[in-house]
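Chemist: dropping the sequence and predicted coords here.
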Amino acid sequence: GNSVTQMEGPVTLSEEAFLTINCTYTATGYPSLFWYVQYPGEGLQLLLKATKADDKGSNKGFEATYRKETTSFHLEKGSVQVSDSAVYFCARAGGGNKLTFGTGTQLKVEL
Amino acid sequence: GAGVSQSPRYKVAKRGQDVALRCDPISGHVSLFWYQQALGQGPEFLTYFQNEAQLDKSGLPSDRFFAERPEGSVSTLKIQRTQQEDSAVYLCASSFLGNEQFFGPGTRLTVL
């Protein structure tokens, strides 16, 4: 079935460090791919998405490129801030647009 | 309000009790989804409505779980005879015809 695998956390970085959170998905068709973020005490928010191969989603300095050849959608940011501390979820769309999520990666950014 | 709202935000139930969780989607959103999020895990799909029609209930873990959306707007997720393994955060999301899903804050259910 559909599945999403993302790197385990927590990931702890210093402010202004480069961030990569790996995500791979099962290659059944060409699903839309998403990154959601959950800030402390808040609900899930869509961070970015890509709907077809080679698309790059971007928002708030975060980027992820839909790589069909490696079935990956890694999240990157060039310079993280303390305010980026949150849990990040990679997800793929399935039939009826229901989402399959990874287990989440907690990011902690320290001064 | 402009977003998806859920109530109650927190619910404590004794094992064997029935619970009902409510979701108010964004006005005009046709699609409504329920997800279950266990501690430390990602959300898992439970069921999906398009208007009042329940098109997919493949994720409901047992026949103790029942969802409805009788008028195509507000939805209720009911869990009968709750068990400890039902303890989780229950998330509702709505979208307009397959576009971005907007999530509510969730209901944290604790079964003692």
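Modeler: On my side now, so go ahead. Numbers count the residues shown, from 1 in each chain, chains lettered A, B, ... in the order given.

Chemist: ok and the residue in chain B nearest chain A?
Modeler: Of all residues in chain B, B:Gly42 sits closest to chain A, at 3.3 Å by Cβ to the nearest Cβ. To be clear about C-beta, it is placed using only N, CA and C from the backbone, and glycine gets the same treatment.

Chemist: quick one: residues contacting that residue.
Modeler: B:Gly42 sits next to A:4, A:89, A:91, A:101-104 when contact means Cβ atoms under 8 Å, 6 or more residues apart in numbering or on different chains.

Chemist: skipping adjacent residues, who's closest to it in space?
Modeler: Setting aside the residues directly before and after it, B:Gly42 is nearest to A:Phe101 in space (Cβ to Cβ, 6 or more residues apart in numbering or on different chains), at 3.3 Å.

Chemist: near chain B, which residues of chain A are found?
Modeler: A:4, A:36, A:42-46, A:49, A:89, A:91, A:94-104 (Cβ under 8 Å from any Cβ of the partner chain).

Chemist: 7 Å instead?
Modeler: Within chain A, the positions adjacent to chain B are A:43-44, A:46, A:89, A:96-99, A:101-104 by Cβ under 7 Å from any Cβ of the partner chain.

Chemist: just to be sure, the residue of chain B closest to chain A is in a strand?
Modeler: No - B:Gly42: not assigned to a strand; according to DSSP: H, G, I helix; E, B strand; the rest coil it is coil.

Chemist: which of the residues of chain A next to chain B has the weakest pLDDT?
Modeler: Scanning the residues of chain A next to chain B for pLDDT, the low point is A:Gly96. It has 75.

Chemist: in chain A, which residue sits closest to chain B?
Modeler: For chain A, Cβ to the nearest Cβ, closest residue to chain B: A:Phe101, 3.3 Å.

Chemist: show me the shaky parts of chain B.
Modeler: B:1, B:98 (pLDDT under 70).

Chemist: what residues does it have near chain A?
Modeler: B:31, B:33, B:41-43, B:45, B:48, B:55-56, B:91, B:98, B:100-101, B:103-106.

Chemist: only whichever of those are buried, select them in PyMOL.
Modeler: In PyMOL syntax, the buried subset of those is picked out as below (16 or more other Cβ atoms under 10 Å in any protein chain shown):
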select buried, chain B and resi 31+33+42+43+45+48+56+91+101+103+104+105+106
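
Chemist: B:Leu32: neighbour count?
Modeler: 28 (other Cβ atoms under 10 Å in any protein chain shown).

Chemist: which residues does it bridge with?
Modeler: B:Phe49, B:Ser94 (DSSP bridges).

Chemist: name the SS class of the residue nearest the centre of chain B, please.
Modeler: Geometric centre of chain B, nearest residue: B:Trp34, 3.8 Å, by Cα atoms, centre = their mean. With three-state DSSP as the basis, B:Trp34 sits in strand.

Chemist: let me see the ranges of the strands in chain B.
Modeler: For chain B, the strands defined by DSSP state E occupy B:5-7, B:10-13, B:19-24, B:31-37, B:44-50, B:53-56, B:65-68, B:75-79, B:88-95, B:102-103, B:107-111.

Chemist: remind me what the second one packs against, helices and strands.
Modeler: It refers to strand B:10-13. Contacts defined by 3 or more Cβ pairs under 7 Å, 6 or more residues apart in numbering or on different chains; DSSP states H and E place strand B:10-13 against strand B:107-111.
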